[in-house]
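A.B. asks: Sequence first, then the predicted structure, then my questions.
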Amino acid sequence: MLTIRRAIPTDAEALRELYFNHLAAYPPTEPQDMTVWREMLARFAENPLYNLLVGVEVGRLVSSVTLLITENLTHNLRPYALIENVVTHADFRGRGFATELMNRAGELAVERGCYKIMLLTGSKKDSTLKFYENCGYNRDDKTAFIKWL
């Protein structure tokens, strides 16, 4: 059974492994300072607008979703949310873990009064696009633009 919780500093190494082996097309070649990762995770845990959710199965961190909530002056001062870093370890895919995390992220956005959740994906894979559509997202309402820095 998957346990969903916010990431904590001791998750740093497991998140690094998850992200670099299963998310990043171009993982960093330089060594990562895990002290910095743990410090960042500690700050995230204290920030109600930054929700790094992890899924833990049998004591192993196997999936993650980041939900960022942005305060807003429009839409009757209702915030909006952004989803990033949806990733599940390859050995645990197809078991509904990412769907559970996406659902929890949606619940948090509703609890915070968000009027929408946005996400971008760089994937062109039909299975990935269908996954997001099955989670209730559509690709018809907006056009995304990215400027890489």
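C.D. replies: Now that the structure is in, tell me what you want to look at.

A.B. asks: Run a quick neighbour tally on the residue lying closest to residue 56 once chain neighbours are set aside.
C.D. replies: Closest residue to residue 56 in three dimensions, ignoring its sequence neighbours and counting by CB to CB, 6 or more residues apart in numbering: residue 3, at 4.6 Å. The C-beta positions use only the backbone N, C-alpha and C, and glycine is treated the same way. For residue 3, the tally of surrounding residues (other CB atoms under 10 Å) stands at 12.

A.B. asks: Show me what the lengthiest strand in the chain is in contact with.
C.D. replies: Ordering each strand of the chain by length in residues (DSSP state E) puts strand 60-70 first. Applying CB atoms under 8 Å, 6 or more residues apart in numbering, the external contacts of strand 60-70 come out as 2, 7, 11, 14-15, 18-19, 48-56, 79-89, 91-92, 97-98, 101-102, 104-105, 108-109, 112, 114, 117.

A.B. asks: Could you identify the buried members of the residues you listed?
C.D. replies: Neighbour counting over the contacts of strand 60-70 (16 or more other CB atoms under 10 Å) leaves 2, 7, 11, 14-15, 18, 50-56, 79-83, 86-89, 92, 97-98, 101-102, 104-105, 108-109, 112, 114, 117 as the buried ones.
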